[in-house]
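[1] Here's my sequence, what's the structure:
(one chain, ligands or ions: 1)
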Amino acid sequence: MNCRKKTKQIVQYTETVCWGYETENGPDVWEQLSPEYGLCGTGIHQSPIDLVSPTPTELPALTFNYQSTRLNIRNTGNTIEVVYPEGSWVEIDDTKYHLLQFHFHAPSEHTVSGNLYDMEMHLVHKSEDNTLAVIGVLIENGRTNPEFAAFWQYLPSIPGESEEIKDVTLNVLDVLPSAKSTYRYTGSLTTPPCSEGVKWFIMTTPIEMSEAQIAAFKAILHDNNRPVQPLNGRELLTDAEANG
Ligand SMILES: [Zn+2]
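    As a prediction, the model looks like this:
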């Protein structure tokens, strides 16, 4: 576990402080919790960011090769995560990024022109040379999401709890918006150790979930979103058609 051992001088016992989103272990103090979390405080290419004024550019397409999987879902204490087995990837510019897992934040971490969305899904990928690529999907209040309906009832509510639901399968490709245009920039993990060099692809089209689906997630976990970080001169690109 990446937790700091903290010795309390008066009562002489050691407790482990895990990172989280409370005052004593949240984003403002992540860098103090472990020497490995330094970039959370000193990094200058951090995520999330506010998505505003992207530069329209022609960019290599995302070619998806995702398979269906049985639902292997766990509550990490800081998010709810679905682990993906080997064999699913997205190919971008001749590099394959293998899908490892996807998970959720509520509200969103990225903002669009300063506005938060109800939730954000992150699909975490890694290439053979260990480059991380994360596809972000913004989620807004709207219609019931049929792809999530089957497994939403299995959201594990207790930290550390995991469930394998053998009779529910999911291809997360079915969850993505049909328009695959993205915002792109290079940033970091939004959780400790805040490692940089992460390629970000955030879908410009949000997906919808019903108020009840969003409420079901937030009843288990909420405010697990890191605040936006300064762009610090980085390029923010998009392959979305310019409006109008
Ligand atoms: Zn995330």
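[2] list the contacts for residue 202?
    Residues near residue 202 by C-beta atoms under 8 Å, 6 or more residues apart in numbering: 51, 110, 135, 136, 137, 138, 182, 183, 184. Where C-beta positions appear, they are placed from N, C-alpha and C, glycine not excepted.
[3] To clarify, my last question referred to residue 76.
    Taking C-beta under 8 Å, 6+ apart as the criterion, residue 76 is in contact with 103, 159, 160.
[4] Next: residue 185.
    Here residue 185 is in contact with 49, 200, 231, 234, 235, 236, 237 (C-beta under 8 Å, 6+ apart).
[5] filter those residues to the buried ones?
    Buried by 16 or more other C-beta atoms under 10 Å: 49, 200, 231, 236, 237, out of these.
[6] Just the pLDDT for the residue nearest to the spatial centre of the chain.
    With distances taken as C-alpha atoms, centre = their mean, residue 122 lies nearest the centre of the chain, 3.1 Å away. Looking at residue 122, its pLDDT reads 98.
[7] Ok, residue 71 next?
    88.
[8] Beta-bridge partners for it, please?
    With beta bridges defined as DSSP bridges, residue 71 has these partners: residue 165.
[9] what sits against it?
    Residue 71 neighbours (C-beta under 8 Å, 6+ apart): 82, 151, 154, 163, 164, 165, 168, 169, 170.
[10] re the thing from before, show me the contacts for the residue nearest to the centre of the chain.
    Taking C-beta under 8 Å, 6+ apart as the test, what residue 122 contacts is 102, 103, 104, 105, 134, 135, 136, 137, 190.
[11] Secondary structure for the residues you listed - can I get that in JSON lines?
    Shown next, in JSON lines, are the contacts of residue 122 (DSSP: H, G, I helix; E, B strand; the rest coil):
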{"residue": "102", "secondary structure": "strand"}
{"residue": "103", "secondary structure": "strand"}
{"residue": "104", "secondary structure": "strand"}
{"residue": "105", "secondary structure": "strand"}
{"residue": "134", "secondary structure": "strand"}
{"residue": "135", "secondary structure": "strand"}
{"residue": "136", "secondary structure": "strand"}
{"residue": "137", "secondary structure": "strand"}
{"residue": "190", "secondary structure": "coil"}
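[12] Of those, just say which sits nearest to residue 205.
    Of all the contacts of residue 122, residue 137 has the smallest distance to residue 205: 8.8 Å, by C-beta to C-beta.
[13] What distance do you get for the residue nearest to residue 57 when sequence neighbours are not counted to residue 185?
    Excluding the flanking residues, the one nearest residue 57 by C-beta to C-beta, 6 or more residues apart in numbering is residue 237, at 4.6 Å. In this view, residue 237 and residue 185 are 7 Å apart by C-beta to C-beta, to the nearest Å.
[14] likewise residue 53?
    12 Å.
[15] ok, now residue 83?
    From residue 83 across to residue 185, the span is 26 Å (C-beta to C-beta).
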